[in-house]
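Participant: Have a look at this prediction, sequence included:
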Amino acid sequence: MDAPTTTSSAGSDGSGGNSGDWGWFTPSRRPAEEQGAPDRQSDERAPSRPVNPIRPVGTGADRRTPVEPPPAPGPPGPGVSGPRPGDRRVDERRVDDRRVDERRAPGPATPGPTAPGREEHQRPDEAAPAPQDVRPGPDSPFAVPETASPDAILLRRTMAEVEPISDKVTSYFYALLFVQHPELRPLFPAAMDAQRDRLFKAILTAARLIDDPDILTDFLTRLGRGHRKYGTQPEHYPAVGECLIGALTRYAVTTWTDEAEAAWVRAYTAISQIMIDAAAEDELRAPAWWQAEVVGHEPRTHDIAVITVRPDQPYPFLAGQYTSVETPWWPRVWRHYSFASAPRSDGLLSFHVKAIPAGWVSSALVHRARPGDVIRLGPPAGSMTVDHSNDNGLLCLGGGTGIAPIKALVEDVADYGRHRPVEVFYGARNDHDLYDIDTMLRLAQKHPWLAVRPVVSDGPTNGLSGRLPDAVRQYGPWNAFDAYLSGPPGMIRSGVDALVGIGIPSHRIRHDSIEELAAAAE
Ligand SMILES: NC(=O)C1=CN([C@@H]2O[C@H](COP(=O)(O)OP(=O)(O)OC[C@H]3O[C@@H](n4cnc5c(N)ncnc54)[C@H](O)[C@@H]3O)[C@@H](O)[C@H]2O)C=CC1
């Protein structure tokens, strides 16, 4: 199962994790250094690379002569203009994309960079209402704080308008991008489903944070670094920005003004610059990706395997973190898995992978990967790590394969040498699904400070019955513990509620990114 992990419950606004991938971020209020990022030497900083201000394509004049997305298949409907004369690129792209689709065997249908259906579009020149002073309501995720800067107000108005139609906006955005910049298509996976969502969410997250420079910079720095593995180059940013503005122009019909456009251009230019600088700085100290040879593949159930890999060069990370994995069978499709062990002296890394239906990467890793295969790893990310600056106990809830990073945390406490109470509640649907219970019980036998309690929710068991949060409530007190949760989204949600309910402050609760877990489970 794909496994994103993230930061503290208090820092989570539900906007995702922080792996450096699009839309994978929970803004963290802790400085990067605390989260295991390499120390930065100021003299190692790469010179800031200038990025050209984007050339917006969404001016008021454009609204009257809209940028056409690639035409939908078939003849254009009445009142809809077809491809522009001489626009050969459009047809070529569509042919290429059909080939890509034909190559895809299993997995969900791939829309590819389809243009949105024409009927979805209101022609701005015919029917666009005049821009209005639309303010997001107080319950909107884009509600305007009292202290918001003029740019932030404009950005939030646009976001509030397009968020409900984000599918259309992102489809249109990619259609523009791949038609106007076909050279960028190979940077994206053949199947764009997850990518669509991630990009849009990342942009919204960045724009929403525009008045919070520290958090914004932290987010974008990770994003910029994480983009190195995709082959993203500085010159790609203006292309993306132009198409973003083009898509917003088309869909933010009531809030788009010259001022809004200028605010978006400023914001996007600043966002790009931070990402480009972060990538350049990261280039000085780390590869864009690692190759890793599978050296162990141990099936544990019919759909779970423990996979061990040997990276081609040293891979520094912290217990509790995760990485992104690309298999040779699904190029440019990256999924997240937590490290299932603390860093080892032999440099090997291990992952617990559950094959989910239609999960391309997870199925390939469980059913197809064998020793000798080579996968690619992105950089480590996540801050669900042990805080060694205090002696608090660790209360750990691991559901299903979510036990993987919990095991790494236990090993980390053992390796660190200053022992503290660690209480692990390991949940599964039935006894059979407790695939790693023997390892965990062995660790408990070896370390007197560790207790491991299996909890089974859906079947008979000799251990505890019920759901993890209910089991935890029966024990305690937990006021001297920091909590770590890892598992399916529902478990995280109810677990956080239960822990807050029994008095653990939310800033001491760390867990996986709920939004990304939900997306990964699709
Ligand atoms: N493989 C990895 O490295 C990691 C995986 N994960 C995530 O862990 C999850 C593992 O999935 P499965 O093994 O299929 O787990 P599962 O669906 O079998 O559930 C595991 C446990 O969570 C409990 N649970 C499920 N929904 C609950 C709810 N709404 N409230 C309370 N308890 C609930 C179940 O009762 C069971 O005890 C995936 O979502 C994966 O993304 C998280 C971190 C790391």
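Facilitator: That came in fine, so what should we check first? Everything numeric in this text was worked out from a predicted model, so none of it was measured.

Participant: Please count neighbours and contacts with C-alpha atoms only from this point.
Facilitator: Will do.

Participant: how about low-confidence regions in the stretch 101-250 of the chain?
Facilitator: Along the stretch 101-250 of the chain, segments meeting pLDDT under 70 span 101-135, 138, 194-195.

Participant: Just the C-alpha atoms of the helix or strand hosting D167, please, in PDB.
Facilitator: Here D167 is covered by helix 166-180, with elements defined by DSSP states H and E. Output in PDB follows, covering the C-alpha atoms of helix 166-180 (Å, rounded to 0.1, in the frame of the first residue of the first chain):
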ATOM      1  CA  SER A 166     -10.800  22.100  -9.800                       C
ATOM      2  CA  ASP A 167     -11.200  19.100 -12.100                       C
ATOM      3  CA  LYS A 168     -12.100  21.300 -15.100                       C
ATOM      4  CA  VAL A 169      -9.400  23.800 -14.300                       C
ATOM      5  CA  THR A 170      -6.700  21.200 -14.000                       C
ATOM      6  CA  SER A 171      -7.800  19.300 -17.100                       C
ATOM      7  CA  TYR A 172      -7.700  22.600 -19.100                       C
ATOM      8  CA  PHE A 173      -4.300  23.500 -17.600                       C
ATOM      9  CA  TYR A 174      -2.700  20.200 -18.700                       C
ATOM     10  CA  ALA A 175      -4.400  20.400 -22.100                       C
ATOM     11  CA  LEU A 176      -2.800  23.900 -22.500                       C
ATOM     12  CA  LEU A 177       0.500  22.700 -21.200                       C
ATOM     13  CA  PHE A 178       0.900  19.700 -23.400                       C
ATOM     14  CA  VAL A 179      -0.300  21.400 -26.500                       C
ATOM     15  CA  GLN A 180       1.800  24.500 -26.100                       C
END
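
Participant: which secondary structure elements does that helix contact?
Facilitator: helix 88-103, helix 193-208, helix 236-251 (3 or more Cα pairs under 8 Å, 6 or more residues apart in numbering; DSSP states H and E).

Participant: same thing but 10 Å
Facilitator: helix 88-103, helix 150-162, helix 193-208, helix 236-251 (3 or more Cα pairs under 10 Å, 6 or more residues apart in numbering; DSSP states H and E).

Participant: Ok, which of the ones you listed comes nearest the ligand?
Facilitator: helix 193-208 (14.8 Å; Cα to the nearest ligand atom).

Participant: Distance from the chain centre to that closest one, please.
Facilitator: 9 Å (Cα atoms, centre = their mean, to the nearest Å).

Participant: Repeat that for stretch 377-395.
Facilitator: 18 Å.

Participant: what are the C-alpha coordinates of that stretch, in CSV please?
Facilitator: Coordinates of each C-alpha in stretch 377-395 appear next as CSV, following Å, rounded to 0.1, in the frame of the first residue of the first chain:
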residue,chain,number,x,y,z
LEU,A,377,14.0,6.1,-4.9
GLY,A,378,13.4,9.8,-4.4
PRO,A,379,14.8,11.7,-1.4
PRO,A,380,13.7,11.0,2.1
ALA,A,381,10.9,13.1,3.5
GLY,A,382,8.6,13.5,6.5
SER,A,383,9.0,14.4,10.1
MET,A,384,7.3,11.7,12.0
THR,A,385,10.6,11.2,13.7
VAL,A,386,11.6,10.6,17.3
ASP,A,387,12.3,13.8,19.3
HIS,A,388,15.4,12.9,21.1
SER,A,389,15.5,16.2,23.0
ASN,A,390,13.0,14.9,25.5
ASP,A,391,12.4,11.7,27.4
ASN,A,392,8.7,11.4,26.8
GLY,A,393,7.4,8.0,26.2
LEU,A,394,6.2,7.0,22.7
LEU,A,395,2.6,5.8,22.2
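
Participant: Measure how buried the residue of the stretch 151-300 of the chain found nearest the ligand is and give me the count.
Facilitator: In the stretch 151-300 of the chain, no residue comes nearer to the ligand than R300, which is 12.1 Å away by Cα to the nearest ligand atom. By the criterion of other Cα atoms under 10 Å, R300 has 18 neighbours.

Participant: Please name the bridge partners of L395.
Facilitator: Counting by DSSP bridges, L395 forms beta bridges with E423, A483.

Participant: That one contacts W449, doesn't it?
Facilitator: No - counting by Cα atoms under 10 Å, W449 is not a contact partner of L395; they are 12.0 Å apart.

Participant: Give the residues shared as contacts by these two.
Facilitator: Between them, L395 and W449 share these contacting residues under Cα atoms under 10 Å, 6 or more residues apart in numbering: 421-423.

Participant: Looking at those, which is nearest the ligand?
Facilitator: For the shared contacts of L395 and W449, the nearest to the ligand is E423 (15.9 Å; Cα to the nearest ligand atom).

Participant: Any idea how many residues pack against that closest one?
Facilitator: 24.

Participant: likewise A414?
Facilitator: Around A414 sit 18 other residues, with neighbours defined as other Cα under 10 Å.

Participant: For P421, see how far away it is.
Facilitator: 11 Å (Cα to Cα, to the nearest Å).

Participant: Find the residues that touch each one of those two.
Facilitator: Contacts common to A414 and P421, judged by Cα under 10 Å, 6+ apart, are 447, 449-450.

Participant: for S465, phi and psi?
Facilitator: Main-chain torsions, S465, degrees, to the nearest 10: phi -100, psi 150.

Participant: Next one: it, what pLDDT does it get?
Facilitator: Model confidence at S465, given as pLDDT, is 94.

Participant: what do you get for H511?
Facilitator: 87.

Participant: how much space between it and the ligand?
Facilitator: H511 sits 9 Å away from the ligand, going by Cα to the nearest ligand atom, to the nearest Å.

Participant: can you tell me which of the shared contacts of L395 and W449 are up against the ligand?
Facilitator: Contacts with the ligand within the shared contacts of L395 and W449, counted by Cα under 6 Å from any ligand atom: none were found.

Participant: could you say what helices and strands the top strand by length along the chain packs with?
Facilitator: The longest strand of the chain (DSSP state E) is strand 290-299. Contact partners of strand 290-299 among helices and strands, from 3+ Cα pairs under 10 Å, 6+ apart: strand 304-311, strand 322-326, strand 349-354, strand 374-377.

Participant: one more time with 8 Å, if that's ok
Facilitator: Packing contacts for strand 290-299, counted by 3+ Cα pairs under 8 Å, 6+ apart, involve strand 304-311, strand 374-377.

Participant: Can you tell me which of those is nearest to A286?
Facilitator: Evaluated with Cα to Cα, these place strand 374-377 nearest to A286, the distance being 12.3 Å.

Participant: can you tell me which of the helices and strands packed on strand 290-299 comes nearest to P182?
Facilitator: strand 374-377 (25.0 Å).

Participant: quick one: strands adjacent to the closest one?
Facilitator: Using DSSP bridges, the strands paired with strand 374-377 are strand 290-299 (antiparallel), strand 322-326 (antiparallel).

Participant: tell me the angle of the top helix by length along the chain relative to helix 236-251?
Facilitator: The longest helix of the chain (DSSP state H) is helix 258-283. With axes from the mean of the first three to the mean of the last three Cα atoms, to 10 degrees defining the directions, helix 258-283 sits at 150 degrees from helix 236-251.
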